[in-house]
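[1] Predicted structure and sequence below. I'll ask about it afterward.
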Amino acid sequence: MIFNMSFNPNIYHRKSIRLKGYDYSQAGLYFITICVQNRECLFGKIVDGEMILNDAGQIANECWLNIPEHFPHAVLHQYVVMPNHIHGIIELVVTNMMVGANNYSPKMQPCRANMMVGANNYSPLRTPQPTPLRSPSKTIGSIVRGYKIGVTKWFRIHSDIDKIWQHNYYENIIRDEQSHHRISEYIINNPTNWKGDTFHPF
């Protein structure tokens, strides 16, 4: 599934990956890659250049789509669930609304993994902390952590697999329209290029 959003050059002038003191709750587009432990293919397989999701892959996909329900300041762009990793572009939009674990509408339903995300459901982030006036639940790191928790809960209920994810995650701040286009194309074409992918379990 592809999410297309218009490009706003005013929010792409960012520095590089996880800079010390960088406020990861500020507006911008972030290219995120989350990998399965030991590159194990838990989410399905590639057949003729197409990703075929198994039950776990369907949950991984569903929980990704539910991110904005728990983090209303997050907008999803292009993404793909691969056999052993997730690629996605997440846009953070700064508003005057208070957002976080306790501020989304109670009518919004979590994914079937009973995904509970927010500042009160996991330990402090290892990534640089935001400015004192920003809630940690607004950072890109908290979104990734919440997503991991949701998928992990499903696995622990429906399988004997306890550790799902590789420690931490890969993140890149998208700085311009050219990078945005290049990364979007990479995500879209990832299933087709699976055999040559960095994360292919050779």
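    Perfect, I can see it now. Numbering: from 1, shown residues only.
[2] rest of the way, CA atoms for contacts and neighbours
    Noted.
[3] show me the contacts for residue 165.
    Taking CA atoms under 8 Å, 6 or more residues apart in numbering, we find residue 165 in contact with 34, 35, 36, 37, 148.
[4] out of these, who's nearest residue 59?
    Distances from residue 59 to those, taken as CA to CA, are shortest for residue 148 (11.3 Å).
[5] Show me the contacts of residue 165 that map onto helices.
    The helices, defined by DSSP state H, take in residue 148 from the contacts of residue 165.
[6] Of the contacts of residue 165, which qualify as buried by neighbour count?
    With neighbours counted by 16 or more other CA atoms under 10 Å, the contacts of residue 165 contain buried members at 34, 35, 36, 148.
[7] Report the buried residues of the worst-scoring helix or strand of the chain on mean pLDDT.
    Least confident helix or strand of the chain, by mean pLDDT, DSSP states H and E, is strand 170-174 with a mean of 91. By neighbour count on 16+ other CA under 10 Å, the buried set for strand 170-174 is 171, 172, 173, 174.
[8] Hmm, residue 87 and the second one touching each other?
    No. Under the criterion of CA atoms under 8 Å, residue 172 lies out of contact with residue 87, with a separation of 11.2 Å.
[9] Now for the two: what residues contact both?
    31, 32.
[10] Dihedrals phi and psi, residue 77?
    Residue 77 has phi and psi values of phi -110, psi -150 when expressed as degrees, to the nearest 10.
[11] and the gap between it and residue 153?
    25 Å (CA to CA, to the nearest Å).
[12] just residue 142 next, same as before
    From residue 142 over to residue 153 (counting by CA to CA), the distance is 16 Å.
[13] higher neighbour count, these two?
    Here residue 142 and residue 153 are compared on neighbour count by other CA atoms under 10 Å; more neighbours surround residue 142, at 26 against 18.
[14] How many residues are close by residue 93?
    Count around residue 93 with other CA under 10 Å applied: 16.
[15] Show me what counts as buried in the helix or strand hosting residue 180.
    Using DSSP states H and E, residue 180 sits within helix 177-189. For helix 177-189, the neighbour count (16+ other CA under 10 Å) marks 180, 183, 184, 186, 187, 188 as buried.
[16] Make a markdown table from the residues you listed and add distance to residue 52 to it.
    A markdown table is the format used below for the buried residues of helix 177-189 (distance: CA to CA, whole Å):
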| residue | distance to residue 52 |
| --- | --- |
| 180 | 26 |
| 183 | 22 |
| 184 | 20 |
| 186 | 18 |
| 187 | 16 |
| 188 | 15 |
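[17] Okay then, goodbye and thanks.
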